[in-house]
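In: The following comprises the amino acid sequence and a computationally predicted model.
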Amino acid sequence: TPKSYPVNLIDKDWSERKLYFWSPAKSFPAMIHDMEVKEDDVWIVTNPKCGTTWMQELAWLLLNDCDFEAALSKDLELRSPFLEFDFMVNSDEQTALERVEELPSPRLIKSHLPLPLLPRQLWEKKAKVIYVFRNPKDAWVSGYYHGVTIGYNYGKTLEQFFDECLEQESDRRYIIEHAAEFYQLRNEPWFYYTSFERMKCNLRAVVEDLCKFLDKTVTEQQMERLLKHLSFEEMKKNPTTNHLWESTQIKLENGGKEVHNFVRKGKVNGYKDDLTPKQIEKADNFIAERLLLNQVTLEELL
Ligand code: A3P
């Protein structure tokens, strides 16, 4: 049975951890924790690089009667904002909240916050929450290339970044903890747990699950268009799903010198092309230790 929520914001395990490499979790604003949640909100919560954008595009289309034209004409970030982004980049929680408050209902809200830092009203209002997990090795490699593009990894080798993920206080280090807490909620009717790997293996089944979860139906024709629209090839060339907004929000420290498409490779176990056998072993040991501590297996989380 899941723990009872809300848990204490200054949970002793979480408060000293760093989110996004630099902010101690306890500095995350009470304003977000206290924000108003609406019953018909849909929240997408993930660790960075686990298939968030892919799931957002899918959920947005289901919530908006498969309006592909509308989806293609407005950046996904405007349709489904990243809740804590302005706080993370500019310490601006006011703007962070305003962007979400201005959304028409049903709001589709993205967050990477760990469970104890999410708004406490989620547990009262029972707004729907979708969680997407991904094999940490793929998520870390994906994070490296994303970070090169937007600057925080520019000039850094994959090896350096990878060691940081395993050794330094950051959200990347707590990927198993993050997932394990949400995994406990998997049988709650307002909660849907899935993984990048499941989406890759059978996207149709995930769309069908989500239709049930969100009380939506799609015709076979809409289903086929959805599957095509959400395919890697289509999303890679879709300007609204490639985080182009980031380059206007974040000063690209690399001056745009090395840019990897946001929808980059989209593979399961793609890390094998990038990591050395030694790095893989190190990661596997780290992951095994974290799984044990959290009493969960990788098979369960995936
Ligand atoms: P890679 O960098 O491994 O290619 P997030 O949205 O959480 O940041 O996750 C980004 C990852 O999801 C990237 O992984 C990206 O390529 C992948 N992705 C996005 N859309 C996808 C799609 N339609 N099919 C497969 N992978 C997709």
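Out: Good, I have the coordinates.
In: So F196 sits against S142, correct?
Out: No - the pair F196 and S142 fails to qualify as a contact (C-beta atoms under 8 Å) at a distance of 9.5 Å. For the C-beta atoms, the positions are set from N, CA and C on the backbone; glycine is no exception.
In: what residues are up against the closest residue to the ligand within the stretch 151-300 of the chain?
Out: The stretch 151-300 of the chain approaches the ligand most closely through G266 (2.8 Å), counting by C-beta to the nearest ligand atom. By C-beta atoms under 8 Å, 6 or more residues apart in numbering, the contact list for G266 reads 200, 232, 235-236.
In: Name the next helix or strand following the lowest-mean-pLDDT helix or strand in the chain along the chain.
Out: Using mean pLDDT, DSSP states H and E, helix 12-15 stands out as the lowest-scoring helix or strand of the chain, at a mean of 61. Using DSSP states H and E, the helix or strand that follows helix 12-15 in sequence is strand 18-19.
In: Starting from that next one, tell me which strands it pairs with and how they run.
Out: Using DSSP bridges, the strands paired with strand 18-19 in its sheet are strand 23-24 (antiparallel).
In: Give me the contact list for the helix or strand following the strand it pairs with.
Out: Remark: after strand 23-24, the chain's next helix or strand is helix 30-33, criterion DSSP H and E. Contact with helix 30-33 is made by 9, 83-84, 87, 93-94, 96-97, 113, 117-120, as judged by C-beta under 8 Å, 6+ apart.
In: Now which of those residues would you call buried?
Out: Listed as buried from these are 9, 83-84, 87, 93, 96-97, 113, 117-120; burial here means 16 or more other C-beta atoms under 10 Å.
In: Among the residues you listed, name the ones in helices.
Out: Judged by DSSP state H, helices contain the following of the buried ones among the contacts of helix 30-33: 87, 93, 96-97.
In: burial measure for the residue of the stretch 101-250 of the chain found nearest the ligand, as a count.
Out: Residue nearest to the ligand within the stretch 101-250 of the chain: S142 (3.2 Å; C-beta to the nearest ligand atom). Number of residues near S142 (other C-beta atoms under 10 Å) recorded here: 25.
In: tell me the contacts of it?
Out: Applying C-beta under 8 Å, 6+ apart, the residues near S142 are 49, 264-265.
In: and it, what element?
Out: Assignment of secondary structure by DSSP H and E places S142 within helix 136-150.
In: Tell me the helix or strand right after that helix.
Out: helix 158-167.
In: Run the angle between that following helix and helix 136-150 for me.
Out: Put simply, helix 158-167 runs at 120 degrees to helix 136-150, going by axes from the mean of the first three to the mean of the last three C-alpha atoms, to 10 degrees.
In: does the next helix or strand after helix 158-167 come close to the ligand?
Out: As assigned by DSSP H and E, the chain's next helix or strand after helix 158-167 is helix 175-183. No - using C-beta under 6 Å from any ligand atom, helix 175-183 stays clear of the ligand, with a minimum separation of 11.7 Å.
In: hang on, the earlier thing: can you redo the ones in helices among the buried ones among the contacts of helix 30-33 as TSV, where the extra columns are distance to P104 and pLDDT?
Out: Shown next, in TSV, are those (distance: C-beta to C-beta, whole Å; pLDDT from 0 to 100):
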residue	distance to P104	pLDDT
F87	23	82
E93	22	83
A96	18	87
L97	16	90
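In: mind putting those in JSON lines, distance to the ligand included?
Out: Formatted as JSON lines, these follow (distance: C-beta to the nearest ligand atom, whole Å):
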{"residue": "F87", "distance to the ligand": "18"}
{"residue": "E93", "distance to the ligand": "22"}
{"residue": "A96", "distance to the ligand": "18"}
{"residue": "L97", "distance to the ligand": "22"}
